[in-house]
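Novice: just need the structure, nothing else, for what follows:
(one chain, ligands or ions: 2)
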Amino acid sequence: MAKQVSLPLSEKVARKNTTQRALDITLLFLLLSLLLYRLLSLSNHGFVWLLAFLCESYFTFNWFLIVNCKWNPVDFITYPQNLEKRLPDLPPVDMFVTTADPVLEPPPITMNTVVSLLAVDYPADKLACYLSDDGCSPLTFYSLVEASKFAKLWVPFCKKYNVQVRAPFRYFLDEPISSTSAGANSEFKLDWKKMKAEYEELCLKIEAASRKSVPCDLTAEFAVFSNVERNNHPTIIKIIGENLDDVPPLVYISREKRPKHPHHYKAGAMNVLSRVSGLMTNAPYMLNVDCDMFANNPQVVRQAMCQHLDSKSETEIGFVQFPQCFYDGPKDDPYGNQFVVSYEYMGRGIAGLQGPGYSGTGCFHRRKVIYGQWPEDVEIQARNHTSIFNGKLADNELLIKAFGKSKQFSESVAYALKGKKSFSNNFSNSLEEAFYVASCDYEFGTSWGNKIGWMYGSMTEDVMTGLMIHKKGWKSALLMPKPQGFLGCAPSGGPAAMTQQKRWATGLLEILVSKNSPIFAFLNGKLQFRMLLFYLWFLSWGLFSIPELCYAALPAYCIIANSQFLPKVQEPAMLIPVSIFVIYNLLTIREYLKTGMSIRAWWNFMRIGRITRTSAYLLAALTVVLKLLGLSETVFEVTQKDQSGSDGDETKNGAIKFTFDESPLFVPGTTLLLVNLTALLAVSSGLRQLAAHDVGHGNGLGAGEVFCSLWVVLFFLPFLKGPRGDEVGVLFNQTIAID
Ligand SMILES: O=c1ccn([C@@H]2O[C@H](COP(=O)(O)OP(=O)(O)O[C@H]3O[C@H](CO)[C@@H](O)[C@H](O)[C@H]3O)[C@@H](O)[C@H]2O)c(=O)[nH]1
Ligand SMILES: [Mn+2]
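Specialist: Ligands and ions are numbered 1, 2, ... in the order given. The predicted structure follows:
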């Protein structure tokens, strides 16, 4: 029999993908042939031909980057059943939740996330949960106090009946199904009803509080919230539910904010969470989730620990990422923001390289990696039993310079760098120091946001932080268990989804042009070459807007200006673009079908992809240019979280509100549509005639251009249509809504 030591905790298995590789490579070959053809015939054509060539060069390079990402897909498999057999004493994990606005992020959503974390299958004395509230809202604090009372009942209930979904709002959607025997059934049903009543009461209390201008009397515990403004207030830290046996302790933190101090949005909040938790529990692992991302699989922490604790991981794996998956996404993914197919192909592929990028939520970090350690530091440390930071002995002076002036905190850092915690869970003792490290000028002159912690300077602080970790040579792991580890809500409305995409593309481009660019990470650090290619593809989303826009305008331009950007129909060369078109569509459809998605979802993704690239990404590119010129600052616009649950509103049936407002986001798409429509109108009214019969007479209208123009119109049609049936529709203010 195998010894227990050899029981596996995790495994990385390569996936077979021969057909996909063949298709991907064929397409790449065709694209290169097209470029060659254009180059050879460049002298016979004018500006249009050159523009097409430039756009296609971009597309080809981009496709090359994509093929690189998809080439080596892997599965990460974990064996949580072996965890205790290998390591009877599991390590502590600190869990961080961030929220920023009680209106955009309604407290019931955040509370469900918190409660689902408190209830995961992991020893309660090894967990602690920290909520950062950038909204500094008494309502959030009040909700947390109530949620903690609820958790005292909920956590034992989940463990007793081995509940699978531990976010109550999801769990109570279904009728009770007991996992225990029929005899226990009646007791289970009674408990179930009691729990449901408790949960409903919790929701009622929060709702009642949220209707008042002040949620509760601002006395006693709440007195600190009187006279606070969200952007001007001292630190508030409250310890809730310490010393409970079954439920992990809960800490509320609203870091100090002052109008003149940059607070660095979520990255700033994460760094405060790291420090405060460092003083209080100093767990060697930290889980971070967005407020809407509840734990959907009670085994998540154990699965992540399988990956982290596997023998070689200590000097290899920097973080373990669960994908961002969503609940109740509208049918057929009209906004293309559920990313199911992307994770399946791109995600798994990148996981097979150096590992997935950090996506801001559902991620288990090693504290010492967040504190800036290199894999080499860990090795030296293991040999010498001393704390090493940046290749040097981590003495007091060095730590205070990098981590800030709190002695107590730098002491905790010294322990963390060794992968150990130093304190017993004594929260009250560290409270005073916690206020100090959460103050807004604590980071002044330190390495926070620069060399340690979450990185500053990009709207996508997560990607930048992950890149800096990869730069040091750390790998990462992607876990996609069934059921998925975490579920959140994707924006379910046109403008919100677009605003989010714009923020992402802005943040990504900010990284590309910063000193933290992956190019330097490759040249000066240990970012692998193929990983560099991945980051180039990812960070350049915003740049894609320019060739995309030009290419979509080309057909209309050609029709109107009586010129051509494609070979004539009867020329053999026409076969190249035609096959590119056919193969690209077939291969992407195949990906959708193989992932269990519909053709409709594929179409939606193609369509929203074009719309996003020409609008949100274009604005993102402009924003970054303005920032580079020093003309504007980028601002994190928090995404509205939907509280609708799953009560089958129209969103669920695919009738999507894509409200058209005066936002500049809608200008490029509408313009493209109108220009192409005008061109087609010219064709259909006979102003322009197809050139099929005047071959050899130089210029003339080609069938290819007309087809492409039609294709563009099909993509941008949502800008004209009202919300009808299962169409993605745009409401031109209220007018078409009435129609
Ligand atoms: O000043 C701020 C702004 C935001 N947040 C929190 O950041 C999280 C993400 O914000 P959200 O509006 O939901 O943005 P998304 O675009 O959905 O977030 C995705 O993209 C972000 C930027 O890349 C990542 O940080 C997130 O983890 C990732 O889910 C939420 O928990 C917010 O409460 C703060 O704590 N402070
Ligand atoms: Mn979000």
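Novice: what's the closest non-adjacent residue to Leu717?
Specialist: In space, and not counting its chain neighbours, Leu717 is closest to Leu673: 7.3 Å by C-beta to C-beta, 6 or more residues apart in numbering. Heads up, the C-betas are built off the backbone N, CA and C, glycines and all.
Novice: tell me which element the one you found is part of?
Specialist: Here Leu673, judged by DSSP states H and E, is contained in helix 667-684.
Novice: neighbouring contacts of that helix?
Specialist: Outside of helix 667-684, the residues within contact range by C-beta atoms under 8 Å, 6 or more residues apart in numbering are 549, 552-553, 555-557, 559-560, 611, 614-615, 618, 688-690, 701, 706, 709-710, 712-713, 716-717, 719-720.
Novice: got it, and stretch 524-540?
Specialist: 62, 65-66, 68-69, 350, 353-354, 357, 463, 467, 470-473, 508-509, 511-512, 517-519, 521-522.
Novice: residues of the longest helix along the chain that come out buried?
Specialist: Determined from DSSP state H, the single longest helix within the chain is helix 185-211. Neighbour counts over helix 185-211 (16 or more other C-beta atoms under 10 Å) mark Phe188, Asp191, Trp192, Met195, Glu198, Tyr199, Leu202, Cys203, Lys205, Ile206, Ala209, Ser210 as buried.
Novice: now the strands: where do they sit in the stretch 551-700 of the chain?
Specialist: 656-657 (DSSP state E, counting those that start in this stretch).
Novice: how about the residues of it near ligand 2?
Specialist: Taking C-beta under 5 Å from the ion as the contact definition, the stretch 551-700 of the chain meets ligand 2 at Thr639.
Novice: before we move on, back to that, give the rounded mean pLDDT of the longest helix of the chain.
Specialist: Taken as a whole, helix 185-211 has an average pLDDT of 93.
Novice: going on from that helix, what's the next piece of helix or strand?
Specialist: Note on helix 185-211: by DSSP H and E, the next helix or strand toward the C-terminus is strand 236-240.
Novice: wait, a strand at Leu487?
Specialist: Yes - applying DSSP: H, G, I helix; E, B strand; the rest coil, one finds Leu487 inside a strand.
Novice: let the chain start at 33 from now.
Specialist: I'll keep to 33 as the first residue from here, and by that count the last item is Leu519.
Novice: that one: what's it in contact with?
Specialist: Leu519 touches Arg202, Met325, Phe326, Asn328, Cys357, Phe358, Tyr359, counting by C-beta under 8 Å, 6+ apart.
Novice: distance of it from ligand 1?
Specialist: 12 Å (C-beta to the nearest ligand atom, to the nearest Å).
Novice: distance of that residue relative to Tyr162?
Specialist: Look at Leu519 and Tyr162: by C-beta to C-beta, to the nearest Å, they are 21 Å apart.
Novice: again with Thr142
Specialist: Computed with C-beta to C-beta, the distance linking Thr142 and Tyr162 is 13 Å.
Novice: tell me, what's touching these two both at once?
Specialist: Counting by C-beta under 8 Å, 6+ apart, the residues touching both Thr142 and Tyr162 are Val129.
Novice: of all the buried residues of helix 217-243, which two lie farthest apart?
Specialist: Phe220 and Ser242 (32.5 Å; C-beta to C-beta).
Novice: about what we covered before: what's the offset of the helix holding Leu705 from the middle of its chain?
Specialist: Centre-to-centre, helix 699-716 and its host chain are 35 Å apart (C-alpha atoms, centre = their mean, to the nearest Å).
Novice: got the contact list for the residue nearest to Trp480 when sequence neighbours are not counted?
Specialist: What sits nearest to Trp480 in space, not counting adjacent residues and going by C-beta to C-beta, 6+ apart, is Asn303, at 5.2 Å. Shown in contact with Asn303 (C-beta under 8 Å, 6+ apart): His296, Glu475, Trp480, Gly481, Gly485, Trp486.
Novice: residue contacts, the third one?
Specialist: This means Trp480. Trp480 sits next to Asn303, Phe435, Gly436 when contact means C-beta under 8 Å, 6+ apart.
Novice: out of those residues, which sit inside helices?
Specialist: Counting by DSSP H, the members of the contacts of Trp480 that fall within helices are Asn303, Phe435.
Novice: how much space between the nearest residue to Ser630 once chain neighbours are set aside and Gln370?
Specialist: Distance criterion C-beta to C-beta, 6+ apart; nearest residue to Ser630, sequence neighbours excluded, is Asp364 at 5.7 Å. Asp364 sits 10 Å away from Gln370, going by C-beta to C-beta.
Novice: which of the contacts of Leu519 fall in strands?
Specialist: Counted as lying in strands by DSSP state E, out of the contacts of Leu519, are Phe326, Cys357, Phe358.
Novice: among those, which one is most surrounded by other residues?
Specialist: Within those, neighbour counts (other C-beta atoms under 10 Å) peak at Phe326, which reaches 28 neighbours.
Novice: quick one: that residue and Pro200 touch, right?
Specialist: No - using C-beta atoms under 8 Å, Phe326 is not in contact with Pro200; the gap is 9.5 Å.
Novice: list the residues that contact both of those two?
Specialist: By C-beta under 8 Å, 6+ apart, Phe326 and Pro200 have these common neighbours: Asn144.
Novice: what comes into contact with stretch 441-460?
Specialist: Outside stretch 441-460, the residues that touch it by C-beta under 8 Å, 6+ apart are 124, 157, 160, 271, 274, 281, 283, 307, 310-316, 346, 398-400, 403, 405, 409-410, 413, 417, 419-421, 426, 428, 431-432, 435-436, 461-462, 465, 469.
Novice: buried ones among those?
Specialist: With burial judged by 16+ other C-beta under 10 Å, the buried subset of the contacts of stretch 441-460 is 124, 160, 271, 281, 283, 307, 310-316, 346, 398-400, 403, 405, 409-410, 413, 419-421, 426, 431-432, 435-436, 462, 465, 469.
Novice: those residues in strands, which ones?
Specialist: Among these, the subset assigned to strands under DSSP E consists of Ala160, Ile271, Val283, Arg398, Ile420, Phe421.
Novice: surely Glu475 touches Gly436?
Specialist: Yes - proximity of Glu475 to Gly436 meets the contact threshold set by C-beta under 8 Å, at 6.6 Å.
Novice: which residues touch the spatially most central residue of the chain?
Specialist: For the chain, Ser391 is the residue whose C-alpha lies nearest the centre (C-alpha atoms, centre = their mean; 4.3 Å). By C-beta under 8 Å, 6+ apart, Ser391 lies in contact with Gln353, Pro355, Gln356, Asp494, Val495, Gly498.
Novice: okay, the closest residue to Tyr403 other than its chain neighbours: pLDDT?
Specialist: Leaving out its chain neighbours, the residue that sits closest to Tyr403 by C-beta to C-beta, 6+ apart is Ile484, at 5.5 Å. Ile484 carries a pLDDT value of 97.
Novice: for Ala426, same thing?
Specialist: In this model, Ala426 is scored at 86, pLDDT.
Novice: swap in Phe128?
Specialist: Confidence score, pLDDT, at Phe128: 98.
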